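**Q** One predicted model, sequence on top.
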Amino acid sequence: MNKTRLEAFSDGVVAILITIMVLELRAPVGSSLAALGPVVPTFCAYVLSFVVLGIYWNNHHHMLHATTRINGAVLWANLHLLFWLSLVPFVTNWMGDNPTGALPTAVYGVVLILAACAYTILQTTIIRAEGPHSRLASMVRSDVKGKLSIALYAFAIAFAFVSHWIAQGLYAAVAIMWFVPDRRIERQLTHV
């Protein structure tokens, strides 16, 4: 199968998700600087989610660039990832509207951890389709960064019921950790 359709569809879904999120932002009521106060939590949640979706889009692009074989299992694994990413606008809006709420903060983390697991499943499915000596397999190896991300998301979900600041800080820490595209893949792609 040709990977071009998979890439185009995935790019379109991510673009739509970002559009949905920005449409959920509401203008402040009033024209004073103080009027910005109530919308700051929603805007911060939007920025975090925009960065998260951008990271997935960027790393998905790099992963597919290193991929040569697409099969039905890869298509389903990709849809699985897109399903979890499609919930990001909903949980972003809920957490943004309730920034100190434990449950919205925890559910935001649940969506992020399930998206991270889905990305790992997609990566594993591609490697299975291409074989253990494939280009992608040699690029990702043990995937410590991916496993660390899932662990941090798990801690953040638990901490959401203790301190929303810690949980949201951990979500931001994972985003910062991934802000630069996956260097393992980038290094390999520049040497080809």
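**A** Here it is on my side, so go on. Numbers count the residues shown, from 1 in each chain.

**Q** ok, which stretches of this protein are helices?
**A** Using DSSP state H, the helices found in the chain span residues 3-24, 40-65, 72-86, 88-97, 102-130, 135-140, 144-159, 164-178, 183-190.

**Q** Report the angle between the fifth one and helix 88-97.
**A** Orientation of helix 102-130 against helix 88-97 (axes from the mean of the first three to the mean of the last three C-alpha atoms, to 10 degrees) gives an angle of 160 degrees.

**Q** what do you get for the second one?
**A** Using the same axes, to 10 degrees, the interaxial angle of helix 40-65 with respect to helix 88-97 works out to 160 degrees.

**Q** May I see the buried residues of stretch 23-31?
**A** residue 24 (16 or more other C-beta atoms under 10 Å). Heads up, the C-betas are built off the backbone N, CA and C, glycines and all.

**Q** for residue 160, what are its contacts?
**A** 102-103, 105-106, 109, 167 (C-beta atoms under 8 Å, 6 or more residues apart in numbering).

**Q** related to what we said a few turns ago, which of the helices of the chain sits closest to residue 31?
**A** helix 40-65 (16.1 Å; C-beta to C-beta).

**Q** Summarise which helices and strands that closest one is packed against.
**A** Identification of packing neighbours for helix 40-65 by 3 or more C-beta pairs under 8 Å, 6 or more residues apart in numbering; DSSP states H and E yields helix 3-24, helix 72-86, helix 88-97, helix 102-130, helix 164-178, helix 183-190.

**Q** Pick out the shakiest of the helices of the chain, pLDDT-wise.
**A** Mean pLDDT values for the helices of the chain show the minimum at helix 183-190, a mean of 62.

**Q** Specify which member of the contacts of residue 160 is nearest to residue 9.
**A** The closest of the contacts of residue 160, once distances to residue 9 are taken by C-beta to C-beta, is residue 109, at 26.8 Å.

**Q** and the gap between the spatially closest residue to the closest one that is not a sequence neighbour and residue 79?
**A** Excluding its sequence neighbours, the residue lying closest to residue 109 (C-beta to C-beta, 6 or more residues apart in numbering) is residue 157, at 4.0 Å. According to C-beta to C-beta, to the nearest Å, residue 157 and residue 79 sit 24 Å apart.

**Q** Mind checking which of these two has more residues around it?
**A** Here residue 157 and residue 79 are compared on neighbour count by other C-beta atoms under 10 Å; more neighbours surround residue 157, at 20 against 16.

**Q** What distance do you get for the more buried one to residue 125?
**A** For residue 157, the distance to residue 125 - C-beta to C-beta - is 25 Å.

**Q** Tabulate the helices and strands packed on helix 40-65 in JSON lines, adding columns for distance to residue 142.
**A** As requested, the helices and strands packed on helix 40-65 are exported to JSON lines (distance: least, C-beta to C-beta, whole Å):
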{"stretch": "helix 3-24", "distance to residue 142": "25"}
{"stretch": "helix 72-86", "distance to residue 142": "20"}
{"stretch": "helix 88-97", "distance to residue 142": "27"}
{"stretch": "helix 102-130", "distance to residue 142": "12"}
{"stretch": "helix 164-178", "distance to residue 142": "16"}
{"stretch": "helix 183-190", "distance to residue 142": "10"}
